[in-house]
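[1] here is a sequence together with a model predicted from it:
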Amino acid sequence: MLGKLIIALLVATVFTQEEEEPFKLPTLKGNAFFAEPFANTESIGSIWGLSSSAKGDGSRFDGRWAVEANSANTADLGLVVKDKAKHHAISAKMNKKVDFTDLNDSQKQFVVQYEVKYQDSMECGGSYLKLVAEADEDFSSDSFNDKTLYSVMFGPDKCGLESRIHFIVNYKNPITGTVEEKHAKASSDFKEIFTDGKSHLITLVVDYDNSFEILVDQVSVNKGSLLSDMTPPINPPSEIDDPTDSKPADWDDKEKIPDPMATKPEDWDEDAPKLIDDEDAVKPDDWLDDEPEQVADPEAVKPEDWDDEEDGEWEAPIIENPKCETGNCGPWVRPQIPNPEYKGRWAPPLIDNPNYSGVWAPRKIPNPGFFEDKTPFASFLPITAVGIEMWTMTKDIMFDNIILTDSKATADEWAAESWNKKALIEKLASPGESVIEQFLTYAGENPWIWVLLAGAFLVPVFLYFYCSGSASPIDEAAEAKKTDKVTADDEEKEEKEEDEDMPDLEEVDEDAVEEEAAEEAAEEVAEEAAAEEENKEEEVEEVKEEDEKKEEATPVKRRTRKAD
């Protein structure tokens, strides 16, 4: 109980600090190729440009975009999809391109991270980023469309019961020069992000060693390798099927064949029925052979306004016969049971095929397009722009705090100043669980919060004891002046004054002292005796006074003469 109380106080402290502290945009603490916190409503037009192009099928990108406030903090803005059932396209050119040959270093990574919030429950549509590949011509948002070549596509997608987090690489074959999409394996444990109405942090980390990891709210949902977990694989097989090879005409690929020596047994009856009447069945005693299964409703009444001439002869509506509720009416028929003599159509048993040639497969030949890229991470196409091209049946999808960097630590620090605070506010504000339960759930998912709370609680305690135990002499003197507290200096001063007031002792005669003491003792004895004598006299006087009072109080008895 005490632990929960402490946590509640700490949570209240966090909220108080959050309310007092004005909203601040996240600050970049490291290298970034692109960092977009959507600082103001003018982002569209200054940083982000709308597409005026058309899709391959001729449909226009007529979906609207807006920069609006997040419900968790009205000062925090994000990019919002405003229409459903429409195509949307918006993009931003990067000031610094991503060249993956420069990232092929043990100290560097490629990290894509952004927030997405489905303010309405997601029905069908995408919410992914397309990282546009470098092209011969300068990138223009005006011409950005679904056919624009991207290097990496990353983010959630959902339609109906199917959902996934895309990680697709457009890989360029170093021999043929053709570009082919390579898809990562499916992610898991993230589907609640589409329906809970909260801001979610979506992160992709690709390392120089060709490993990758996808995280949702800083929790891993997918891990793999570019060399083994992409479909189709980045590196093609060294051999392929010979396209000119074909199966020989005499190739027998039947492993089993009917036994040619088998014959049908003489007692095999192919005409025997599968089911027969149960001869042991007996008609139930309550069976009503002549009772119809349907009867006229005996409670029905002919309407008063019924006219036989115009409406015809009235008949009561037909209802199920209440006597036949258990199905015990009509002609009784024996139930059927499986026929023990039934064997079905006879067929010869199967035996091993003596001419079986095995499973045929075309012969293998060296793959003319074979190559082996041991560092596909360094072979990613350079990135020059960030785009969002999507179709959705859900409006008000919010994007925020997009960052492309070469360090996971930089992305984490960016999130610590943005998503972490936002997620805590949304978690504690959600209905259902109590504040304590919501906080404990959030802390379980984000252990770093315990460090923050421990620091907020322990640091003031430490400072209090530290300052109390190391007070300076000047502070003690000042405190003594305020409270009249006795200090060590005051005690020394008092002792010194007592010594000064004490008179000096003179030498005296010891015999004279003894005589004087004896005289004083005799006087004391005499005084005590005199006092004792006075006490006795006073007691006698008191006794006499008491006796006199008694006599005065006693009534005098008189004798009287009776009347004659």
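    The structure has been received and is ready for your questions. Numbering: from 1, shown residues only.
[2] show me the strands in the stretch 301-450 of the chain, by range?
    318-320, 336-338, 350-352, 364-366, 383-392, 397-405 (DSSP state E, counting those that start in this stretch).
[3] contacts for the first one, please.
    So that's strand 318-320. Residues external to strand 318-320 that are found in contact with it (CB atoms under 8 Å, 6 or more residues apart in numbering): 293, 294, 295, 296, 297. Bear in mind the C-beta positions are built from the backbone N, C-alpha and C, glycine included.
[4] keep only those of these that are in helices.
    Among the contacts of strand 318-320, none falls in helices (DSSP state H).
[5] how about CSV for those residues, with distance to residue 265, pLDDT and neighbour count added?
    CSV is the format used below for these (distance: CB to CB, whole Å; pLDDT from 0 to 100; neighbours: other CB atoms under 10 Å):
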residue, distance to residue 265, pLDDT, neighbour count
293, 46, 88, 12
294, 51, 90, 10
295, 55, 90, 15
296, 59, 91, 11
297, 60, 91, 12
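[6] would JSON lines of those with distance to residue 146 be doable?
    Listed next are the contacts of strand 318-320 as JSON lines, based on distance: CB to CB, whole Å:
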{"residue": "293", "distance to residue 146": "64"}
{"residue": "294", "distance to residue 146": "63"}
{"residue": "295", "distance to residue 146": "68"}
{"residue": "296", "distance to residue 146": "68"}
{"residue": "297", "distance to residue 146": "65"}
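[7] what sits against the residue lying closest to residue 353 once chain neighbours are set aside?
    Counting by CB to CB, 6 or more residues apart in numbering, residue 257 is the residue found nearest to residue 353 once chain neighbours are left out, at 4.5 Å. Shown in contact with residue 257 (CB under 8 Å, 6+ apart): 350, 351, 352, 353.
[8] residue 263: which of the strands of the stretch 301-450 of the chain is closest?
    Residue 263 lies closest to strand 350-352 among the strands of the stretch 301-450 of the chain, at 14.2 Å (CB to CB).
[9] neighbouring contacts of that closest one?
    Residues outside strand 350-352 that contact it (CB under 8 Å, 6+ apart) are 255, 256, 257, 258, 259.
[10] what about 10 Å?
    Strand 350-352 is contacted by residues 254, 255, 256, 257, 258, 259, 260, 261, 262 when judged by CB atoms under 10 Å, 6 or more residues apart in numbering.
[11] Throw the residues you listed into TSV and include pLDDT and distance to residue 231, thanks.
    Compiled in TSV, those are given as follows (pLDDT from 0 to 100; distance: CB to CB, whole Å):
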residue	pLDDT	distance to residue 231
254	95	33
255	95	31
256	96	35
257	95	39
258	96	42
259	95	45
260	94	47
261	94	50
262	94	48
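[12] now flag whichever of those is closest to residue 531.
    residue 255 (142.2 Å).
[13] wait, doesn't the closest one sit right on residue 359?
    Yes - Residue 255 is within contact range of residue 359, at 8.7 Å (criterion: CB atoms under 10 Å).
[14] name the residue in those two with the higher neighbour count.
    Taking neighbours as other CB atoms under 10 Å, residue 255 and residue 359 compare with residue 255 leading, 12 against 8.
[15] in contact with the residue nearest to the more buried one when sequence neighbours are not counted, which residues?
    Nearest in space to residue 255, with sequence neighbours left out and distances taken as CB to CB, 6+ apart, is residue 356 at 5.4 Å. The neighbours of residue 356, taking CB under 10 Å, 6+ apart as the test, are 252, 253, 254, 255, 256, 257.
[16] what about residue 142, which SS state?
    The three-state assignment at residue 142 reads helix, by DSSP: H, G, I helix; E, B strand; the rest coil.
[17] tally of neighbours for the residue lying closest to it once chain neighbours are set aside?
    The shortest distance from residue 142 to any non-neighbouring residue, by CB to CB, 6+ apart, is to residue 52 (5.2 Å). If you count neighbours by other CB under 10 Å, residue 52 ends up with 14.
[18] before we move on, what about residue 188?
    Neighbour tally, residue 188, other CB under 10 Å: 10.
[19] distance of it relative to residue 278?
    Residue 188 sits 54 Å away from residue 278 when distances are taken as CB to CB, to the nearest Å.
[20] one more: residue 141?
    Distance, residue 141 to residue 278, using CB to CB: 80 Å.
[21] so those two - more neighbours on which side?
    Remark: of residue 141 and residue 278, residue 141 carries more neighbours, 20 against 11, as counted by other CB under 10 Å.
[22] now the more buried one: closest residue in space that isn't a chain neighbour?
    residue 49 (2.7 Å).
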